[in-house]
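Novice: what would the 3D arrangement of this be:
(one chain, ligands or ions: 1)
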Amino acid sequence: MKKGATIIVKEGPRELARAGAEIFASAAEESIRETGAFRVALSGGSTPRPMYRLSAQAPFAGRINWEKTSLFWVDERFVPEGDGASNYGAAKRDFIDRVPIPRDHVHPMFQVGLTLDQAAQRYEELLRALIPLNEEGFPTFDLVLLGLGKDGHTASLFPGHPALREERRLVVPVKGGDPDVERLTLTLPVINAARRIVFMVAGRDKAPVLRAIFEEGVGELPAQRVAPRSGQLIWLLDQEAASLIPKEVLHGGKG
Ligand code: 6PG
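Specialist: Numbering: from 1, shown residues only. Predicted coordinates:
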């Protein structure tokens, strides 16, 4: 794991959700103050959903200038929004439909009528057009939210998959994961160009992979390849997830 990451451990999923909503609102306030906009890539999976729901409620929702906020996705299962597996559909029900965000500031990856490859290409064009680029041409999100799979995957970047080696493209098609479906995912150069990256991880079943990530330092697991070029990296964990991380790593505060 990259030096300089911050590890925050919260008691349980409820405290984790509050801490996540606090980081989301603070990042929005700071980004809008500094640049006039807040551009965030949302994670899929189940872990961030309570945090999304909180973000639509007081006091968090009122702190976010939704007019200046734009929502993108880190990854998406390539299914329509009504499908139970859709990350966009879940976020829409959890908070997007409950906050005053302009509809044209919400950018789902799945598009009816486009093939997977066309949608990947279209999303790349969208990112290049809407997000400030770094000197290498990669979009610089204000906040990227990530989850962690038991196998060390993050976004839809799975262990051993060629997508992990992508150095040029911003968005690539992938097949796999749970559910095992076609997906689109941001690539590592995009994730690592972000100003802030926050992993949210909860539950005992994630403890072994977290131990591996923190014990082995920089390794081959997809989540270990997340290392912001100049941004901030935060691991937001609950106690069960953090339970096997070496104490010296936790108590050092920084990984
Ligand atoms: C997706 C993801 C994926 C997810 C992890 C953790 O499948 O769409 O974005 O990377 O974040 O698999 O998922 P849980 O939070 O459900 O454990």
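
Novice: how long is stretch 191-205 from one end to the other?
Specialist: Terminal residues of stretch 191-205 lie 25 Å apart, using C-alpha to C-alpha, to the nearest Å.

Novice: same question, stretch 200-213
Specialist: 14 Å.

Novice: buried set for that stretch?
Specialist: The neighbour-count check on stretch 200-213 (16 or more other C-beta atoms under 10 Å) flags 200-203, 206-207, 209-213 as buried. Where C-beta positions appear, they are placed from N, C-alpha and C, glycine not excepted.

Novice: just the C-alpha atoms of stretch 136-144, please, in CSV.
Specialist: Extracted in CSV, the C-alpha atoms of stretch 136-144 (Å, rounded to 0.1, in the frame of the first residue of the first chain):
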residue,chain,number,x,y,z
GLU,A,136,-1.2,13.2,-19.2
GLY,A,137,-4.8,13.7,-20.4
PHE,A,138,-6.5,11.8,-17.5
PRO,A,139,-9.6,13.4,-15.9
THR,A,140,-9.0,14.5,-12.3
PHE,A,141,-12.1,13.6,-10.2
ASP,A,142,-12.6,15.6,-7.0
LEU,A,143,-13.6,12.4,-5.3
VAL,A,144,-13.5,8.7,-6.3
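
Novice: helices of the stretch 151-255 of the chain, start to end?
Specialist: 188-191, 207-216, 239-242, 247-252 (DSSP state H, counting those that start in this stretch).

Novice: closest to Ala41 out of those helices?
Specialist: helix 188-191 (8.0 Å; C-beta to C-beta).

Novice: just to revisit the earlier point, need the winner for burial among the helices of the stretch 151-255 of the chain.
Specialist: Mean neighbour count (mean count of other C-beta atoms under 10 Å) peaks for helix 188-191 among the helices of the stretch 151-255 of the chain, with a mean of 22.

Novice: any idea how far Val198 is from the residue of the stretch 1-150 of the chain found nearest the ligand?
Specialist: In the stretch 1-150 of the chain, the residue that lies nearest the ligand is Gly147 (2.2 Å; C-beta to the nearest ligand atom). Per C-beta to C-beta, to the nearest Å, Gly147 is found 10 Å from Val198.

Novice: out of those two, which sits in the more crowded spot?
Specialist: Comparing Gly147 with Val198 by other C-beta atoms under 10 Å, the one with more neighbours is Val198, at 25 against 21.

Novice: which residues does the more buried one bridge with?
Specialist: As for beta bridges, Val198 partners with Leu145, Ile234 under DSSP bridges.

Novice: quick check: it touching Glu22?
Specialist: No. Here Val198 does not reach Glu22: they are 10.9 Å apart, not a contact under C-beta atoms under 8 Å.

Novice: how about the residues of the protein by the ligand?
Specialist: 43-47, 74-75, 87, 147-149, 153-156, 177 (C-beta under 6 Å from any ligand atom).
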